[in-house]
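Student: model this:
(chains A and B)
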Protein chains: 2
Amino acid sequence: MADEEQLAETEAEREDISYALNPQAVARIIYAVDIGDRALFLQEMSALHPADIADLLEQINAFDRRRLIELYGSDFDGDVLSELDEGLRQEVIGLLPPDVLAEAVRDLDSDDVVDLVEDLEDHEQQTILSALEAGDRIAVQQSLTYPEYSAGRLMQREVVMAPEHWNVGEAIDYLRDQEDLPEQFYHIVLVDPRLRPVGNVTLGKLMASRREVLLRDLVEDTFHVIPVTQAEADVAYAFNQYHLISAPVVDETERLVGVITIDDAMAVLDEEHEEDILRLAGVGEGSLNDRVIDTTRQRLPWLAVNLVTAILASLVIAQFEEAITQIVALAVLMPIVASMGGNAGTQSLTVAVRAIATRDLTGSNVWRFIRREVLVGLVNGIIFAIVMGIVGIAWFGGPELGYVIGAAMVINLVVAGLAGTVIPVALERVGIDPALASGAFVTTVTDVVGFFAFLGLAAVVLL
Amino acid sequence: MADEEQLAETEAEREDISYALNPQAVARIIYAVDIGDRALFLQEMSALHPADIADLLEQINAFDRRRLIELYGSDFDGDVLSELDEGLRQEVIGLLPPDVLAEAVRDLDSDDVVDLVEDLEDHEQQTILSALEAGDRIAVQQSLTYPEYSAGRLMQREVVMAPEHWNVGEAIDYLRDQEDLPEQFYHIVLVDPRLRPVGNVTLGKLMASRREVLLRDLVEDTFHVIPVTQAEADVAYAFNQYHLISAPVVDETERLVGVITIDDAMAVLDEEHEEDILRLAGVGEGSLNDRVIDTTRQRLPWLAVNLVTAILASLVIAQFEEAITQIVALAVLMPIVASMGGNAGTQSLTVAVRAIATRDLTGSNVWRFIRREVLVGLVNGIIFAIVMGIVGIAWFGGPELGYVIGAAMVINLVVAGLAGTVIPVALERVGIDPALASGAFVTTVTDVVGFFAFLGLAAVVLL
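Tutor: As a prediction, the model looks like this:
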């Protein structure tokens, strides 16, 4: 509990920390747009990082967005497009005059252009590709041949490499002579004569070593090579697990074709988390800027699934109409058992889904985990059975109703522990994302079992 | 939907990708432990990264863990302790012989030692601190004076800095002469005469430039200075937002005191996400390795809150016992309205909690967001009202029950959209973590409103 208070405090403190984009800055910028004062506007914008400008565009409405981009004109920075939420990119690209757009994309790294164009429609893709220089265009088109969400789409093709037999002096002289080194690089990749990566040397070690030291004597202990077709989620996992800063990417012949850096991996990790959290809540892909109609469409399928499970639960209740007519208290109390089961099941399944995503739940410990969750359900079930037993007696006078709701509670919380673990594990085994589908299955089970156990026991014991 | 299929596939593909730690490797290692073959054991372990060894220790049971650490002996690597889940650290530290423990921590960087000791009890802290050399011990003790979860705890104190007036040649000569540069560093921090950081120069730029170029002409565009007391969550946000690789940390006099690198920020981001996802599901801190009793205690408070809200909902139902006795179909149908509201509310609140965490939801767009969620609730409510109206007629014969459940559905989904947005936003404003508390409030609202609207309308229309 101390931890939670601590964190709640820091959360509150956040408001004191002034980041570049705050409501006052937004107000000043919109004011400059309102009065059409371009000098004032550009002055305000100059303080903002492209990521902040993207946030700004996401936070204002479509009308202001159009006026802002008009006023921005040729000063619009291409990096803003990369930072922008995918849902808004098409709109903003459509607002940019062709020459501004061409200028904007020409400044971007090839991996950023790939990220930008992969979600666009064909004719917009063509607009952007044709704005690039021939060399860049070919690089982008090659990257687009790799599957979506693969390492090939994530990597940058600009790699700094050196033959494994070089020494420090040769490497430094080579770097000095290069005209266009990548903006950011952290390692020199050592390659064998067939261009297969064999090790990483950090620039720090390179700088600190004497010229005659061999590069191969400076390689890092941890060296991880990524196949170009590997899923980007696995790439992010490897970066997080092994604390990688950059890693070479190889094609099917093990030849070096690119490099992935930690900032790209961090962005993927962030997206993966976002996806998990939203899927667990039955929210599909989507953003704050989607229109009502799009959001409605995203939410509808999950609600439809929930309606089916709720009707299933109602069918169970309908079997006990006779009992409810005789003891109306059953109708009053029955949602409690189902609700407790649903919550306990959600607790177990969330822990399971997270542990699967972080690869902490494996064949080696899955039975231990299931046993623990069932036992937790049993213990909590007994505790709440006693509580509800007392509530039942106090509320409705007789002890029998208390026994029934208590017993149903124990049964449902044990089932919740079992369903909340077995269902996500089973879904993962058959290749279905457990974050996406577990919730509906688990609450169906806890609703059906909750109503059936409570009403069934009541029918047997009380009638 | 195409996206989801794609991702489900990659998720399934994961099983094909062999990471260092797989069930076969675990089985071979446990076999070596079983037969006590130390040579075989060390050979198997040598293929594993410390992070994999930590995962191994987390996945096996306590009995195997003890035997494994005994067999490991003096080869135990200190980095494993850093990688280990906090819940297991105390156990493992307790199993290590004092000399092995001392050796293990002496190899760690100061920020890793801080991370290790901050959660230990006093006497264990002392054991570890006394194992360190005097210089390192003082560094660790100084870091421990900063608040928990602050930049001061996260940073490493080893910084590579240079006066702002130096040129490239001077910097390179200085680096050459240094005996103990940090293991990983990516920037040289330029400082003014009062040791205040004024810019970052990447090692890549340093290598590629001629000796007479001034360092201040090579500084990066994006330069972000972090106050030593800043919450680590804000540090992680800044790294993610501005694509930082490393950032200098300053004390209250703006003097440089340390540096934070992206791998540490990535770890924090990962923990923050984990916390959000678990809190949304009503699961406190905890790990897969916690015992049944600890897990029960973590889950209990949330279930207790849920019990109170479920009883509140039951009290609403109890007001309509008369109506239920006359029309038992009301008892059959009423959970559907509450359940749909609960799900729609959870959808809205999850999107709101995420958007608050990523700072996408601000004063500038909060009203637009609330309006959208309410409209989405209205549209989905009308769609499901029509569906349930038809179901009601088909199931129970008369149209009136269909009208009632349809109207209650519209009301509850609109309320769900409203409660699911206003509640987390309000909680955040008053400094309570919305991930922690929103769920209970929102489902209370949708349960109470769902039962009240449905049963109340039924009492008015049907009786």
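Student: and after the host helix or strand of A:Gln241, which helix or strand comes next?
Tutor: Using DSSP states H and E, A:Gln241 maps to helix A:232-242. Remark: after helix A:232-242, the chain's next helix or strand is strand A:246-250, criterion DSSP H and E.
Student: Distance check, the residue nearest to A:Pro248 when sequence neighbours are not counted against chain B.
Tutor: Distances taken as CB to CB, 6 or more residues apart in numbering or on different chains place A:Pro197 nearest to A:Pro248, at 4.0 Å, with adjacent residues excluded. The C-beta positions use only the backbone N, C-alpha and C, and glycine is treated the same way. According to CB to the nearest CB, to the nearest Å, A:Pro197 and chain B sit 18 Å apart.
Student: What's opposite A:Pro197 in the beta bridge?
Tutor: For A:Pro197, the beta-bridge partners under DSSP bridges are A:Val191.
Student: so who does it touch?
Tutor: A:Pro197 makes contacts with A:Met161, A:Val189, A:Leu190, A:Val191, A:Val225, A:Pro248, A:Val250, A:Leu256, as judged by CB atoms under 8 Å, 6 or more residues apart in numbering or on different chains.
Student: before we move on, the earlier item: can you give me the offset of the helix holding A:Gln241 from its chain's centre?
Tutor: 13 Å (CA atoms, centre = their mean, to the nearest Å).
Student: list the helices and strands it packs on?
Tutor: Using 3 or more CB pairs under 8 Å, 6 or more residues apart in numbering or on different chains; DSSP states H and E as the contact test, the elements touching helix A:232-242 are helix A:151-154, strand A:246-250, helix A:262-280, helix B:2-13, helix B:50-59, helix B:262-280.
Student: State the mean pLDDT of that helix.
Tutor: Helix A:232-242 shows a mean pLDDT of 92.
Student: Stretch A:332-341 too?
Tutor: On average, stretch A:332-341 scores 94.
Student: and it, anywhere near chain B?
Tutor: Yes - Stretch A:332-341 is in contact with chain B by CB under 8 Å from any CB of the partner chain, via A:Val332, A:Leu333, A:Met334, A:Pro335, A:Ile336, A:Ala338, A:Ser339, A:Met340.
Student: ok, residues contacting that stretch?
Tutor: Taking CB under 8 Å, 6+ apart as the rule, stretch A:332-341 contacts A:313, A:317, A:384, A:388, A:392, A:401, A:405, A:408-409, A:412-413, A:415-416, A:446-447, A:449-451, A:453-455, B:303, B:306-307, B:309-311, B:313-314, B:317-318, B:321, B:331, B:334-335, B:338, B:447, B:451.
Student: do that again at 7 Å, thanks
Tutor: Outside stretch A:332-341, the residues that touch it by CB atoms under 7 Å, 6 or more residues apart in numbering or on different chains are A:313, A:384, A:388, A:405, A:408-409, A:412-413, A:415-416, A:446-447, A:449-451, A:453-455, B:303, B:306-307, B:310-311, B:313-314, B:317-318, B:321, B:335, B:338.
Student: Quick check: which ranges of the stretch 251-400 of chain A have low pLDDT?
Tutor: When residues are selected by pLDDT under 70, none of them lie in the stretch 251-400 of chain A.
Student: all helices of it, in order?
Tutor: A:262-280, A:292-318, A:321-326, A:329-357, A:366-396, A:399-429 (DSSP state H, counting those that start in this stretch).
Student: Need the residues that contact stretch A:404-420.
Tutor: By CB under 7 Å, 6+ apart, stretch A:404-420 touches A:333, A:337, A:340-341, A:344-345, A:347-349, A:352, A:373-374, A:376-378, A:380-382, A:384-386, A:388-389, A:392, A:442, A:445-446, A:449-450, A:453-454, A:457-458, A:461-462.
Student: that older thread, angle of the helix holding A:Gln241 against helix B:262-280?
Tutor: Computed with axes from the mean of the first three to the mean of the last three CA atoms, to 10 degrees, the direction of helix A:232-242 lies at 110 degrees from that of helix B:262-280.
Student: hang on, the earlier thing: could you export the residues of stretch A:332-341 next to chain B as TSV, including neighbour count?
Tutor: Shown next, in TSV, are the residues of stretch A:332-341 next to chain B (neighbours: other CB atoms under 10 Å in any protein chain shown):
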residue	neighbour count
A:Val332	25
A:Leu333	27
A:Met334	28
A:Pro335	28
A:Ile336	26
A:Ala338	28
A:Ser339	28
A:Met340	26
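Student: per-residue pLDDT, the residue nearest to A:Pro248?
Tutor: 96.
Student: now do A:Met1
Tutor: Reported pLDDT for A:Met1: 37.
Student: Average pLDDT for stretch A:29-46, rounded please.
Tutor: 93.
Student: Report how many residues lie close to A:Asp177.
Tutor: Other residues near A:Asp177 come to 8 when the count uses other CB atoms under 10 Å in any protein chain shown.
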